[in-house]
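Student: From the sequence below, what's the structure:
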Amino acid sequence: MALTLPELPYARDALQPHMSAETLDYHYGKHHKAYVDNGNKLISGTEFENMSLDDMVRKSSGKIFNNAAQVWNHTFFWNCLTPKQAAPGKKLTDALVKTFGGVDDFKKQFTEAAIGTFGSGWAWLVKNGDGSIAIATTQGAGNPMTAGATPLLTCDVWEHAYYIDYRNARPTYLEHFWALVNWDFVEKNLG
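Tutor: Predicted coordinates for the structure are as follows:
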């Protein structure tokens, strides 16, 4: 199955003032698109050419994995964001309270994990095979599906995700991230 660049679930300027249209032009329009284009070149004529994106992420390695996982991670990331802020639903709130002590406690721990991710990578809220939830981080194109976890929420902490708006101030980017989280999407992923 060819990799595709899905449409954003909102207009490119919809996340302002927290994420600029210029950031989306570069991050989505150039970086995400490059992973799609490079991935399609790499999978052409291979066993991965007809696989679903999820299977590519779980079964590939090297350059194919890096590009396929970045397509998956970015597509998921865009869906984790919304211009329509709402509070987390009851099921998600209950899970966050049970695991982290509260929504604000979760945000603090997730933010610390994201800021503390060395170099380029991703911060995640995941559901483990036993149904528990946890915060995880991955380096580079890493994706928790390769370890059997189900992604619920992610934050891209590659510098290209925030450099235009916040330069190298990852903590400031994280402060603004919380104003954009699509809690409905996160709760839907919780199942």
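
Student: helix, strand or coil for the residue lying farthest from the centre of the chain?
Tutor: The outermost residue of the chain relative to its centre, with distances by C-alpha atoms, centre = their mean, is G45 at 28.5 Å. On the three-state scheme (DSSP: H, G, I helix; E, B strand; the rest coil), G45 is labelled coil.

Student: now do A134
Tutor: Quick answer, by three-state DSSP: A134 is strand.

Student: Quick check, it in contact with T99.
Tutor: Yes: judged on C-beta atoms under 8 Å, A134 makes contact with T99 at a distance of 7.2 Å. In short, each C-beta sits where N, CA and C put it, glycine included.

Student: need the strands for this protein, in chain order.
Tutor: Secondary structure of the chain, counting by DSSP state E: strands at 121-127, 133-139, 150-156.

Student: To A2, which of these lies closest?
Tutor: strand 150-156 (22.5 Å; C-beta to C-beta).

Student: elements contacting the closest one?
Tutor: Contact here means 3 or more C-beta pairs under 8 Å, 6 or more residues apart in numbering; DSSP states H and E; on that basis strand 150-156 packs against helix 62-79, helix 103-116, strand 121-127, helix 183-190.

Student: Buried deepest among the ones you listed, which one?
Tutor: With neighbours taken as mean count of other C-beta atoms under 10 Å, the helices and strands packed on strand 150-156 reach their highest mean count in strand 121-127, at a mean of 23.

Student: what about it, average pLDDT?
Tutor: For strand 121-127, mean pLDDT rounds to 98.
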